[in-house]
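**Student:** 3D, please:
(one chain, ligands or ions: 2)
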Amino acid sequence: MKKLRRTMLFAPASNPKLLFNTAIYKPDCILFDLEDAVRYDEKDAARDLLVEAFKSIDYGQCEVFVRTNPLRKPTGEKAPFGELDIRALVPAGMRRMRLPMCEKPEHIEELSALLDEVEKEHGIEPGSVKVQASLETPIGVMNALAIAQSSDRITSISFGAEDFTRTLGTDRTKAATELFYARSQVVMAAAVAGVDAIDTVWADVSDTEGFIKEVESAKNLGFSGKSCIHPSQVKEVHNIFTPSMAEVEKSVEILKAAADANIQDGGVITVKGKMVDIPVIAKAERIVSLAKGAGLIK
Ligand SMILES: CC(C)(COP(=O)(O)OP(=O)(O)OC[C@H]1O[C@@H](n2cnc3c(N)ncnc32)[C@H](O)[C@@H]1OP(=O)(O)O)[C@@H](O)C(=O)NCCC(=O)NCCSC(=O)C[C@@](O)(CC(=O)O)C(=O)O
Ligand SMILES: [Mg+2]
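**Tutor:** Ligands and ions are numbered 1, 2, ... in the order given. Below is the predicted model of the structure:
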């Protein structure tokens, strides 16, 4: 059954209330942020709060990620907080992290070497900490496939449109034409590497209509889910990324007919006048797997 990552709800780790409350909105994943949503002079306090949260709060079914600070500045020099974040949070229980501003496979290799060291030092199973590489610059997007294939730790890659448009030197528009090539590159790299692709945030919380259009477009492009910044966005994303009961029933019917006709490995039939062959069967299996993951069917 596919692990669903339809929603990743960002919550600044410097906000103690959000450390307690975010799971009640039932996102598939919570993404506690230590990077851009945390003031520079609150980075150490936010990390300390998050360490305590990991030790004392049960997040239930939510998969908990931390967006740490990066290990490197854009200039290539060592960045101030990334290593401190990892050395404090892995022993506290962090097993999923997003690396922001990932630009090349060497960034993942450096991170993986640090994680190897910290896991060993604390007697944690090697490779336990899984990584989502965040591609937020033209060079990061151009290197998407090499990054996605750079380590067994990578289970997903994400796209960050705010930093992407900043570093490209353009504006983020509602039409999103400036993002089309980059988004396509990210989903194709994820498909080739066999990992999930998570789309970027939508900052205008009040514009629900625009948000829904963007989420539908992300799903149609091939993303597995979307980063969210506000609880109100979670339900909309789940609605769009969860198959409807009509789709599920149709898929179950296709799978049953394919099994009865024994065409899983080749051959063609029609179901309700529509052709069913290997790709159609595979898509029906995907829908059934998503429906099981969402608890729609057993
Ligand atoms: C925007 C705002 C301050 C508004 O808060 P407000 O409190 O004014 O909102 P209200 O509507 O009043 O909240 C109603 C109730 O919901 C609760 N509530 C609100 N938000 C909640 C939440 N997130 N989690 C749990 N609970 C929440 C709240 O506590 C209240 O609870 P209650 O009082 O009990 O009713 C808040 O949402 C917030 O901080 N968002 C996250 C911001 C953030 O992390 N940004 C960085 C990530 S993006 C980025 O970096 C771009 C990127 O890097 C990457 C990429 O794109 O992927 C790139 O380059 O592109
Ligand atoms: Mg960013």
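**Student:** At the contact with ligand 1, which residues of the protein appear?
**Tutor:** By CB under 6 Å from any ligand atom, the residues of the chain that approach ligand 1 are 9-12, 17-18, 21-22, 33, 36-37, 136, 158, 160-163, 200-201, 227, 229-231. Where you see a C-beta, it was placed from the backbone N, CA and C, and this is true even at glycine.
**Student:** Would you point out which residue of the stretch 51-200 of the chain is nearest ligand 2?
**Tutor:** residue 163 (3.7 Å; CB to the ion).
**Student:** Correct me if wrong, but that residue is in a strand.
**Tutor:** No: using DSSP: H, G, I helix; E, B strand; the rest coil, the assignment for residue 163 is helix, not a strand.
**Student:** how about the nearest residue to it, chain neighbours excluded?
**Tutor:** residue 136 (3.7 Å; CB to CB, 6 or more residues apart in numbering).
**Student:** Would you tell me what the next helix or strand after the strand or helix carrying residue 237 is?
**Tutor:** Per DSSP states H and E: residue 237 is located in helix 232-241. Going down the chain from helix 232-241, the next helix or strand is helix 245-261, by DSSP H and E.
**Student:** pLDDT (mean, whole number) over that next one?
**Tutor:** On average, the pLDDT along helix 245-261 is 97.
**Student:** And that helix, how far out from the chain middle?
**Tutor:** Distance of helix 245-261 from its chain centroid, counting by CA atoms, centre = their mean, to the nearest Å, is 29 Å.
**Student:** what about the stretch 101-250 of the chain, any weak spots by pLDDT?
**Tutor:** Along the stretch 101-250 of the chain, the model assigns pLDDT under 70 to no residue.
**Student:** a strand runs through residue 270, doesn't it?
**Tutor:** Yes: according to three-state DSSP, residue 270 belongs to a strand.
**Student:** residue contacts, it?
**Tutor:** residue 276 (CB atoms under 8 Å, 6 or more residues apart in numbering).
**Student:** Check the spacing between it and ligand 1 real quick.
**Tutor:** 43 Å (CB to the nearest ligand atom, to the nearest Å).
**Student:** So for the helix or strand harbouring residue 98, mean pLDDT?
**Tutor:** Residue 98 is located in strand 96-99, with elements delineated by DSSP H and E. Here strand 96-99 scores 98 as its mean pLDDT.
**Student:** If we ignore the residues flanking it in sequence, what's nearest residue 147?
**Tutor:** Residue 147's closest residue in space is residue 133 (CB to CB, 6+ apart), at 5.0 Å.
**Student:** wait, what's in contact with residue 194?
**Tutor:** Counted by CB under 8 Å, 6+ apart, residue 194 has zero contacts.
**Student:** Quick check: phi and psi on it?
**Tutor:** phi 70, psi 40 (degrees, to the nearest 10).
**Student:** related to what we said a few turns ago, would you mind listing the outside residues contacting the helix or strand containing the residue nearest to residue 147?
**Tutor:** Secondary structure assignment for residue 133, by DSSP H and E: strand 130-135. The contact list for strand 130-135, computed with CB under 8 Å, 6+ apart, reads 65, 67, 95-102, 107-108, 111-112, 115, 140-141, 143-144, 147-148, 151, 153-160, 164, 182, 186, 198.
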